[in-house]
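Asks: Starting from these lines, generate the structure:
(one chain, ligands or ions: 1)
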Amino acid sequence: MPLFVLLLLFAGTAVISAAPSVRRGNAPRPDVRAATENRKASAVSDDEEGTLYEGRENLPGKNFGADWPDVTRIPDMLPARTVQDGPDRWIYETQHFRFTADAPIALSAIKEIARIFEGTYAANLALPINSPCNHHQVNESGRFNACFFEKYEDYIAAGAVKGSAGVFIPDGWGRLQHGRVLVPFGSMGLEKRGNRYVKGGRRVDAKTLSHEITHHMTIGSYAYPMWFIEGIAEYVGLSYDVNGRVNFGGNKRTIGEFVAGFGRKGGGGRAVGREPKVGMTLQDFLKWKKNFLNAPVAPQVGYGLSALLVYYFFHLDGKRDGARVKKYLEIIQNGGTLDQANEALLDGRTWRRLEKDICRRLNSAMKVEPQFLPGPDGA
Ligand SMILES: [Zn+2]
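Replies: Alright, predicted model coming up:
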């Protein structure tokens, strides 16, 4: 059964559309070792890359015990390089990404754009949730693929949806290596000078790009429900700062204000208000696996609440160490059912008690109190 997931983030009001049909099952474990070795081999065989990964261990299942990151940075941004210079494709690479464009882009612009990609990679690598970017690698050169399109209509023709500023498309079960982020030149502020595109004056929506890149780093072939798929993409994207830096430590205010208000500094937001009506029970929301555009919940509330729930389970629940959500993710990553995973999340609590705790702690931390429909267990 082919896996097809389409996730995108619209420009402007930042509405996201998502239509995933994620298959449950294990990560492709047999590939893990080869992928890890491949990454090391790639690093040592390439003089430009030196020994970036020497001594670093990112093996599956090993990263749940890492500390929650405060601020992440690109450890060592090496020069972008040109792999193919036309005539019909232009290919550029950085440490972990291969960018394929249908028109020439100046290396200086590639390097600037690549900071968003490499910074988002570093951020996801650091989160102690054992995301696929810890152990899946990607194309034949050990990199994640991204494709850039000069004309918006060619971006749409490649599988993106009209109105989106960027999109992530994974191609199938166990085939994360073929997944790719698609971005039109316009979203990256590129302008033509002479025969190449350079970085123009227009602002780049790095948070949107970081959201899409996070899908590539986190989804893999795992059967996450929608709240986590979109919530983690929002959590990282909204934490993206500048120059590849991701400020997790300062994201409480950013996320709360983006979701409930319109965001600071005119940065857009979901504007769901302080008491958003969810239109679903907590249990149904946590089990929802389809597009938020066709859910009982309003899309803006769906994405906003997903970000809040990721924040809650990472930083507010229990001893505020994310222990329950780590167990939850581990169960899903090992092919367990969503019901089994939810048992770990509940950890002996009724749904009603969990709901009360979520509302109380989110209200106290972010002044947002979601209004769920009454659940079956005595609510
Ligand atoms: Zn998304």
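Asks: mind listing what the residue most central in space within the chain touches?
Replies: Centroid-nearest residue in the chain, with C-alpha atoms, centre = their mean: T214, separated by 2.1 Å. The contact partners of T214, by C-beta atoms under 8 Å, 6 or more residues apart in numbering, come to 120, 123-124, 232-233, 236-237. C-betas here are computed from N, CA, C, even on glycine.
Asks: Following element in sequence after the helix or strand of the chain with the lowest mean pLDDT, please.
Replies: Least confident helix or strand of the chain, by mean pLDDT, DSSP states H and E, is helix 29-45 with a mean of 29. Remark: after helix 29-45, the chain's next helix or strand is strand 71-72, criterion DSSP states H and E.
Asks: what's in contact with that next one?
Replies: For strand 71-72, contacts defined as C-beta under 8 Å, 6+ apart pick out 119, 122-123, 126, 241, 245-249.
Asks: Take the contacts of T214 and lay them out in TSV including neighbour count and pLDDT.
Replies: Listed next are the contacts of T214 as TSV, based on neighbours: other C-beta atoms under 10 Å; pLDDT from 0 to 100:
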residue	neighbour count	pLDDT
T120	32	97
A123	31	97
N124	25	95
I232	26	97
A233	32	96
V236	29	98
G237	26	97
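Asks: From what I see, K327 and A344 are in contact.
Replies: Yes: with contact defined as C-beta atoms under 8 Å, K327 reaches A344; the gap is 4.0 Å.
Asks: Could you give me the PyMOL syntax to select whichever of the contacts of strand 71-72 are buried?
Replies: Entered in PyMOL, the line below selects the buried ones among those, by 16 or more other C-beta atoms under 10 Å:
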select buried, resi 119+122+123+126+241+245+246+247+248
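Asks: all strands of the protein, in order?
Replies: Taking DSSP state E, the strands of the chain run over residues 7-10, 16-18, 71-72, 81-85, 90-93, 97-101, 144-149, 164-169, 180-184, 190-193, 196-199, 246-247.
Asks: Tell me which of those lies nearest to L282.
Replies: L282 lies closest to strand 16-18 among the strands of the chain, at 19.9 Å (C-beta to C-beta).
Asks: And the average pLDDT for the closest one is what?
Replies: Mean pLDDT, strand 16-18: 33.
Asks: likewise stretch 284-295?
Replies: What stretch 284-295 shows for mean pLDDT is 91.
Asks: quick one: that stretch near the ion?
Replies: No: Stretch 284-295 stays clear of the ion (C-beta under 5 Å from the ion), getting no nearer than 9.4 Å.
Asks: Contact partners for E150?
Replies: For E150, the contacting residues are 101-103, 185, 197, by C-beta under 8 Å, 6+ apart.
Asks: now do 6 Å
Replies: Each residue near E150 by C-beta atoms under 6 Å, 6 or more residues apart in numbering is listed here: 102-103, 185.
Asks: Using CSV, please lay out the residues you listed together with neighbour count.
Replies: Output for those, formatted as CSV (neighbours: other C-beta atoms under 10 Å):
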residue, neighbour count
D102, 16
A103, 19
F185, 23
